[in-house]
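In: Structure of the sequence below:
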Amino acid sequence: MDNASPPLIKPSASDAAARSLVDDVMHLAGDGRTLLEAEFAYQKSRAAVAGAGAKGIAGWAALALSLVFFALMALVVGVLLGITQIIGIWAATGLTVLVILGAATLAGLAAGRRWKRMIAALADEPAKDTAP
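Out: Reported below is the predicted structural model:
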């Protein structure tokens with residue numbers, strides 16, 4: 001009785017010496033094409049899942065932003081009604097408008113600074129130092 005272990009790889013009908021390099025390259029190209037098709041299908045399904053998720057996220061975010069807007073409007077009306085009894089209706093309206101416009105100006109300036117910083121970071125050329 002021979003206790004020789006079976007070979008790990010079955011001997012194939014096409015021996016390596018009988019195969020050609022062209023056949024091997026064609027087989028490799030076919031495997032590569034199959035791999036690319038599988039990867040494309042996988043990424044396509046991931047994009048579909050992400051798109052469906054993004055649609056739901058956008059809906060909830062829009063609802064949250066609209067509720068924040070209404071809460072801020074209620075705050076403005078409440079402040080307006082509160083200071084009307086102290087300084088009068090026209091002065092209260094003017095003061096409320098000026099405060100809101102001031103806050104909007106500060107937010108716009110902050111957005112402008114961030115925009116310039118982003119543009120500078122994305123520029124092809126590095127920022128030039130003015131110092132000697």
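
In: Once you drop chain neighbours, what's closest to residue 79?
Out: residue 96 (6.2 Å; C-beta to C-beta, 6 or more residues apart in numbering). (Each C-beta comes from the backbone N, C-alpha and C, glycine too.)

In: Next, that neighbour: secondary structure please.
Out: When classified by DSSP: H, G, I helix; E, B strand; the rest coil, residue 96 comes out as helix.

In: Quick check, central residue of the chain?
Out: Closest residue to the average C-alpha location of the chain: residue 54 at 9.9 Å, with C-alpha atoms, centre = their mean.

In: Would you mind listing the residues in contact with it?
Out: Counting by C-beta atoms under 8 Å, 6 or more residues apart in numbering, residue 54 touches no other residue.

In: quick one: it from residue 79, how far?
Out: 37 Å (C-beta to C-beta, to the nearest Å).
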